[in-house]
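>>> got a predicted structure here, sequence first:
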Amino acid sequence: MTKRKVRVVAAQIERDGRYMITQRKPTSSLPLLWEFPGGRVEEGESDEAALARELKEEMDVEVKVGEASVRVTHEYEAYTIDFRVYRCELLTPEEDIKTIGVHTYRFVRPEELDDYQFPGADQATVEQLLADG
């Protein structure tokens, strides 16, 4: 049986040498794990449009989506993730960020990323970011 493929995009938002990570809600799949903010690409949607939409829905923020920085394919038991990370500029002031679709968020230094538990696809992204760092 062929696993279904899911296209997921995430934002690499860097501010003062720190990356934004978000924590999944306790009621979501993979509860309370940390990840780069983003979500699923809908049919007919570009990666950039999906990323802007997801960040608006989850945190009520505006971003300028830049170039792709990391691409990872990750196998979960039920499906395969085609995971793409884009460098983004956060246009919303930090004090206006809301936690609508996420439990919380933080800006962390690259060397602190290992202190947080990430899902598999995000962990592979962390490893690539640290290797490229």
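That came through, no problem. Numbering: from 1, shown residues only.
>>> isn't there a helix covering residue 12?
No - read with DSSP: H, G, I helix; E, B strand; the rest coil, residue 12 is strand and lies in no helix.
>>> SS state for residue 117?
coil.
>>> list the contacts for it?
By Cβ atoms under 8 Å, 6 or more residues apart in numbering, residue 117 lies in contact with 33, 34. All C-beta atoms are positioned from the backbone trio N, CA, C, and that covers glycine.
>>> report the contact partners of the closest residue in space to residue 66 that isn't next to it in sequence.
Leaving out its chain neighbours, the residue that sits closest to residue 66 by Cβ to Cβ, 6 or more residues apart in numbering is residue 87, at 4.1 Å. Residue 87 is in contact with 12, 14, 66, 67, 68, 69, counting by Cβ under 8 Å, 6+ apart.
>>> list just the nearest of those to residue 46.
Of all the contacts of residue 87, residue 68 has the smallest distance to residue 46: 12.0 Å, by Cβ to Cβ.
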